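Asker: I need the structure of the sequence given here:
(one chain, ligands or ions: 1)
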Amino acid sequence: MLITSCGNSQKLAASIARKLKVPYAPVFISNFPDGDLYLKFTVPVKGKTVVIVNSFQPYSNESFLRLLFAAETAQDLGAKKVMLLAPYLAYLRQDTRFHPGEAISSKIMAKHLSLCFDKIITIDGHLHRYRTLDALFSIPGQNLTANSLIAEYIQKHFHNDIVLVGPDWESFQWVEQIAQKIGAPVTVFEKKRHTSRTVSVKMVQPVPLKGKHVIIVDDIISTGHTVIQAARLAYKHGAKDVSVVAVHGLFVENALAKLKQAKLKHIVTTNSIEHPTNTIDLSSLLATALQNEK
Ligand code: R5P
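Answerer: Numbers count the residues shown, from 1 in each chain. Model prediction:
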């Protein structure tokens, strides 16, 4: 087995390789003077199971192209099997044509990845209208979850008087399971998305928040607006403080500063996307998922 990466997730890829005791060699990536992508494997891949560990953030479009080039090249060089381990898989939120003429990005992404990879593994993929990876990809897929790691983290670092909050119905699948694991009260807000940068939330399953340490749990922090609106509502209901734990911290458009302004006490993410807020390490979970592929 060879572990490699295409620019993102380098620390995580190296850590997974150390755990599996297999070599790690990132793909060499550069650009021609006109901007065309140049990509080169620096070690032989013939006969090997090549695992490309690479999140789609930052730069999801560029990452997509790099992954297609890398997978095709590995196949062409005689790899036995080419796998994608994308801790954060982009494009999944555009899973329907919300407005006439729009591209259904998740379907296009899945179609093209299915053509050049043999298997895909991700973590807490944003599966909404497509409930499983199998519904999107024509290759085997595995959607792992960080729920247990998040539950352990919350149990270790937050103590009495906590309430877990899911900012929207889609977060139910994460927050409800985590709350059950740790025996904490939970509520899920109702979110209305007006644009990709404006949302509003309301409390529909009342749970007392007064004087409580509220922990918002979500899969993705992108612009941060979802978490900010949920935090505002929690403070309005008397929360003592509000923190957030998320799987994928994209933090686009200065989101981290905005979250701090909104008085988020702790901002915790997994290392599915490299970021200073990374606190929960996914490398053991991911290495275990690859163990049988060796
Ligand atoms: C949406 O359903 C997701 O679970 C997240 O709540 C959303 O992607 C977060 O986006 P933003 O940070 O831009 O509000």
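Asker: Which element, helix or strand, includes the residue lying closest to residue 283 once chain neighbours are set aside?
Answerer: Nearest residue to residue 283, sequence neighbours excluded (CB to CB, 6 or more residues apart in numbering): residue 15, at 4.1 Å. Bear in mind the C-beta positions are built from the backbone N, C-alpha and C, glycine included. Using DSSP states H and E, residue 15 maps to helix 10-20.
Asker: same for that helix, what does it pack against?
Answerer: Helix 10-20 sits against strand 2-4, strand 49-53, helix 283-291, with contacts defined as 3 or more CB pairs under 8 Å, 6 or more residues apart in numbering; DSSP states H and E.
Asker: winner for burial among the ones you listed?
Answerer: strand 49-53 (a mean of 25; mean count of other CB atoms under 10 Å).
Asker: Render the CA-only coordinates of it in PDB, please.
Answerer: Extracted C-alpha coordinates of strand 49-53, given in PDB (Å, rounded to 0.1, in the frame of the first residue of the first chain):
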ATOM      1  CA  THR A  49      -2.900  -0.200  -3.600                       C
ATOM      2  CA  VAL A  50      -2.700   3.500  -3.900                       C
ATOM      3  CA  VAL A  51      -4.700   5.500  -1.300                       C
ATOM      4  CA  ILE A  52      -5.100   9.200  -2.000                       C
ATOM      5  CA  VAL A  53      -5.800  10.900   1.300                       C
END
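Asker: Direction included, what does that strand pair against?
Answerer: Strands that pair with strand 49-53, judged by DSSP bridges, come out as strand 2-4 (parallel), strand 81-86 (parallel).
Asker: ok and the last one relative to helix 283-291, angle-wise?
Answerer: Read that as strand 81-86. 160 degrees (axes from the mean of the first three to the mean of the last three CA atoms, to 10 degrees).
Asker: Near the residue nearest to residue 94 when sequence neighbours are not counted, how many other residues are there?
Answerer: Using CB to CB, 6+ apart and skipping the chain neighbours, the partner closest in space to residue 94 is residue 105 (3.9 Å). By the criterion of other CB atoms under 10 Å, residue 105 has 16 neighbours.
Asker: Contacts only, for the closest residue to residue 130 other than its chain neighbours.
Answerer: Once flanking residues are discounted, residue 130 sits nearest to residue 136: 4.8 Å by CB to CB, 6+ apart. With contact taken as CB atoms under 8 Å, 6 or more residues apart in numbering, residue 136 is in contact with 106-107, 110, 130.
Asker: Mind listing what's buried along stretch 235-249?
Answerer: 235, 237, 239, 242-249 (16 or more other CB atoms under 10 Å).
Asker: typo on my end, it should be stretch 196-208
Answerer: Those would be 199, 201, 203, for stretch 196-208 by 16+ other CB under 10 Å.
Asker: And stretch 3-17, by the same measure?
Answerer: 3-10, 12-17.
Asker: swap in stretch 257-267?
Answerer: Under the neighbour-count rule (16+ other CB under 10 Å), stretch 257-267 has 258-259, 262, 264, 267 buried.
Asker: what's the distance between the closest residue to residue 11 other than its chain neighbours and residue 129?
Answerer: Nearest non-adjacent residue to residue 11, counting by CB to CB, 6+ apart: residue 274, 6.3 Å away. Distance, residue 274 to residue 129, by CB to CB, to the nearest Å: 29 Å.
Asker: out of those two, which sits in the busier spot?
Answerer: residue 274 (17 against 11).
Asker: Double-check that residue 193 belongs to a strand.
Answerer: Yes. Counting by DSSP: H, G, I helix; E, B strand; the rest coil, residue 193 is found in a strand.
Asker: Show me the beta-bridge partners of it.
Answerer: Beta-bridge partners of residue 193, counted by DSSP bridges, are residue 199.
Asker: hang on, it packs against residue 199?
Answerer: Yes. Taking CB atoms under 8 Å as the definition, residue 193 is a contact partner of residue 199 at 5.0 Å.
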